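**Student:** can't give you the sequence, but here's the structure:
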């Protein structure tokens with residue numbers, strides 16, 4: 001009966017060792033998955049800064065369009081005036 005008990009103990013130690021190895025591997029995989037998820041989602045600060053940056057770019061583009069529109073109106077109207085003056089003088 002002792003032979004059987006020692007055999008059982010060896011099998012039990014092997015199973016415990018395999019179980020610990022599997023648990024350790026699964027824990028490492030879960031940790032990596034969590035780190036990747038956190039990396040992809042970003043921190044709240046980075047999301048806020050990204051949003052503020054987008055607003056700034058949008059406002060800058062809008063202002064640029066308004067200024068270029070004003071400049072082109074003045075340029076065309078002054079060109080018309082100068083060409084009209086040139087025609088009237090001749």
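**Tutor:** Cool, the structure landed. Just so it is clear, the model here is predicted, and its values are computed rather than measured. Numbers count the residues shown, from 1 in each chain.
**Student:** which residues of the protein score low on pLDDT?
**Tutor:** 1-8, 42, 71-90 (pLDDT under 70).
**Student:** List the contacts of stretch 35-48.
**Tutor:** The set of residues external to stretch 35-48 that reach it, using Cβ atoms under 8 Å, 6 or more residues apart in numbering, is residue 50. Any C-beta I mention is one placed from the backbone N, CA and C, and that applies to glycine too.
**Student:** what about it, start to end distance?
**Tutor:** Stretch 35-48 stretches 21 Å from its first residue to its last (Cα to Cα, to the nearest Å).
**Student:** show me where the chain has helices.
**Tutor:** With DSSP state H as the definition, the chain shows helices at residue ranges 2-41, 44-89.
**Student:** So which bits of the shortest one are buried?
**Tutor:** By neighbour count, and taking 16 or more other Cβ atoms under 10 Å as the criterion, helix 2-41 has no buried residues at all.
**Student:** How much space separates residue 40 from residue 67?
**Tutor:** Using Cβ to Cβ, to the nearest Å, one gets 39 Å for the distance from residue 40 to residue 67.
**Student:** next one: residue 51
**Tutor:** To residue 67, residue 51 is 25 Å away according to Cβ to Cβ.
**Student:** what's the answer for residue 27, then?
**Tutor:** Residue 27 sits at a distance of 59 Å from residue 67 (criterion: Cβ to Cβ).
**Student:** Perfect, that will be all.
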